[in-house]
Structure formats: C-alpha cells, structure tokens
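Enquirer: need a 3D model of the following:
(one chain, ligands or ions: 3)
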Amino acid sequence: MSVHADTRRLTTADLAKMKAAGDKIAMLTCYDASFARLCDDAGVDSLLIGDSLGMVLQGHESTLPVTLADIAYHTAAVARGSKRPLIIADMPFGTSQVTPEDTFRNAVPLLAAGAQVVKIEGGVEMAETVRFLTSRGVPVCGHIGLTPQSVHQLGGYRVQGKTDAAAEKLKADALALQDAGASLIVLEAIPEALAQAVTDLIAIPTIGIGASAHCSGQVLVLHDMLDLSPGKKARFVKNFMAGQPSVAAAIAAYVAAVKDASFPGPEHCY
Ligand SMILES: Nc1nc(=O)c2c([nH]1)NC[C@@H]1CN(c3ccc(C(=O)N[C@@H](CCC(=O)O)C(=O)O)cc3)CN21
Ligand SMILES: CC(C)C(=O)C(=O)O
Ligand SMILES: [Mg+2]
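Expert: Ligands and ions are numbered 1, 2, ... in the order given. I've put the predicted structure just below:
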C-alpha cells in the first residue's frame, strides 16, 4: 500500500506552482509497478517512462530501437503501481519526428496507458508539433540539450550548448517550446550557467540531468542512481545506493538531496 493512498495525482499545474514557490521537483525514470510504488512512497514527484529503457532494460546500445508499444506497456505498469507522481512518457524515436497529426496519433496509446504528459526531444523545430498537441489537450514536456535520439547526428553523448551560438540556439528552443504550450522542459548535459539562464528566462519548470542545481528540478535514470547500470557513467550520475540499507532509503535520499539542492553538486556539472 502506498503511503499516499489518499492523495491525488500531481498535475503539470502542481509542478508549475512548485517552480513559482521555489520548491524543487524530484523526478526519476521508472519502468515497472514495483519501483513505481517505491518511488511514490519515497516522495518522488514525477515518474518518467524514458526510452532509456532500451538501454537499461533491453540491453541496446542506444534508445533508437524502442517502440511505442514498449513505452505504452511500461507506462501502464508504472501507472498501476503509483498514485501521486505525475506520469510522463517518452515518445520513442520515429514517433514524434513526423507530422503533428501523426505525432498526436502516436501519443494516444501513451495517454491510454496512463501518461499525463508526453515528452518530445527537440526545440524550435518541434514547436509546431507541440502547439498541435497542447491545443488539443495533450500536455507536453520538451527535451533539449543532449537529445539521445539524435546521437548519430551529435556524434556521441556529448555536452551541448558550449559555444555562444549554441547557447543562444538553446535559449530560443526553450522560448519556442514554452510559447507552443509545453508544460516543462528537460535540460540534458549543458553548462551550469546556461541551465541557470534558461531556467530564469522561462516561466515553466526546467528539469535538469547534467544541467546543475539551478534547474527547477532533477531527473536521473533509476538504474544509474541505484548503481545497477554497467559501464562508465556520465558525470551527472550519483550512486544514491551507497551507504543505504535499502532501495527505498536510496530513493528517499535522492528526493531529499534534490529538495535541499545538495544534488547535483559541482562534481556532477559541466
Ligand atoms: N543508463 C542511462 N542513463 C542515462 O542518463 C541515459 C541513458 N541510459 N540512455 C539515454 C541517454 C544517454 N545519456 C548519456 C550517456 C552518456 C553521457 C556521457 O557520458 N557524457 C559525457 C560527456 C562528455 C563530454 O562531452 O565532455 C560525460 O562524461 O558526462 C551523457 C548522457 C543520457 N541518457
Ligand atoms: C534521461 C531522461 C531525461 C530520458 O529521456 C530517458 O530516461 O529516456
Ligand atoms: Mg528519453
């Protein structure tokens, strides 16, 4: 049983209020009902069914092979396992890089599975699609900076927004997404000063991963923060399992560290 049994699910409006109040938003990726319940009980505000599941659950080398059916399946499990967190589902590769109409059609099974928000990688070039969805009742989370579905174009999982021109482009992306109706924006692997500038520039919450503590909230891949992922970790990953007696305690430690802004520290930033 969830300790939040009598609480309603958070909405995008609740997260907007948190930014306005200066309260940090704690988000984690989640892919199944058991972890969803643990995250809910630990006070995680939002659960992201990320296409990172292609790497941490399926063993692929990128997120590109993940299908819409995969994300819908895991979204339904997370929705059944949790009561309070806002549920966000990634639109996997190929499902949003199409017309606005087809993107809407592709969002349908994710909302049917229990997602309240769909996340779409890209900035200015996705604004028309974001406006199409948000004007038809589908909340959207943007995702800019390091966008893993473009890994072959980016030439690897590299820090983004390092030049003045790239930083200006990223700010324009954030403004375009906000103007198109996006409810929040994930900022991935960008310099600390740029993350702060973007967070101050827009009214909607920013959720950082490798984007410093100046964001409105943080997200990590669950398997990374529990030290379950093999191989070399990105700089922004912290092992919250270290020194903890249980997975529940590790997730609670993550929530506490995001809330008091002690995570991420300088050692996790670019
Ligand atoms: N397990 C997992 N965790 C993630 O955070 C994650 C996924 N999978 N899959 C999709 C993408 C890929 N991500 C990654 C993967 C590696 C780095 C990384 O190692 N970056 C270098 C940057 C080097 C540079 O440009 O200077 C680093 O050292 O942090 C970053 C993001 C984030 N996402
Ligand atoms: C890392 C987050 C932002 C993500 O998109 C994912 O898990 O797929
Ligand atoms: Mg993703």
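Enquirer: so which bits of the protein are right by ligand 3?
Expert: 50, 51, 90 (CB under 5 Å from the ion). C-betas here are computed from N, CA, C, even on glycine.
Enquirer: so residue 8 makes contact with residue 85?
Expert: No: counting by CB atoms under 8 Å, residue 8 sits too far from residue 85 to count as a contact (11.2 Å).
Enquirer: compare those two (neighbour count), which wins?
Expert: residue 85 (26 against 9; other CB atoms under 10 Å).
Enquirer: quick one, what contacts that one?
Expert: 9, 10, 36, 39, 40, 44, 45, 46, 47 (CB atoms under 8 Å, 6 or more residues apart in numbering).
Enquirer: in helices only, show me the residues you listed.
Expert: Using DSSP state H, 36, 39, 40 are the members of these that sit in helices.
Enquirer: so how far is residue 28 from the last one?
Expert: When CB to CB, to the nearest Å is the yardstick, residue 40 and residue 28 sit 11 Å from each other.
Enquirer: of these two, give the one with the bigger neighbour count.
Expert: In terms of neighbours (other CB under 10 Å), residue 28 is the more surrounded of residue 40 and residue 28; the figures are 30 against 25.
Enquirer: look at that one and tell me its secondary structure.
Expert: strand (DSSP: H, G, I helix; E, B strand; the rest coil).
Enquirer: end to end, how far does stretch 240-253 reach?
Expert: 7 Å (CA to CA, to the nearest Å).
Enquirer: does ligand 1 sit close to that stretch?
Expert: No: applying CB under 6 Å from any ligand atom, one finds stretch 240-253 separated from ligand 1 by no less than 13.9 Å.
Enquirer: quick one: contacts of that stretch?
Expert: 28, 35, 38-39, 41-44, 225-227, 254, 257.
Enquirer: from the residues you listed, which is closest to ligand 2?
Expert: residue 28 (9.2 Å; CB to the nearest ligand atom).
Enquirer: let me know the pLDDT of that closest one.
Expert: On pLDDT, residue 28 comes in at 99.
Enquirer: now do the one 10 residues further on
Expert: pLDDT for residue 38: 98.
Enquirer: what does the stretch 1-150 of the chain put close to ligand 2?
Expert: 29, 48, 50, 51, 52, 90, 143.
Enquirer: the residues you listed: which ones sit near ligand 1?
Expert: Within those, those near ligand 1 by CB under 6 Å from any ligand atom are residue 52.
Enquirer: quick one on the thing from earlier: now distance to residue 263 too, for the contacts of residue 85, in CSV please.
Expert: Formatted as CSV, the contacts of residue 85 follow (distance: CB to CB, whole Å):
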residue, distance to residue 263
9, 25
10, 21
36, 21
39, 16
40, 20
44, 13
45, 15
46, 16
47, 18
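Enquirer: report the contact partners of the nearest residue to residue 224 once chain neighbours are set aside.
Expert: With sequence-adjacent residues excluded and distances taken as CB to CB, 6 or more residues apart in numbering, residue 224 is closest to residue 237, at 4.5 Å. Applying CB under 8 Å, 6+ apart, we find residue 237 in contact with 220, 221, 224, 225, 268.
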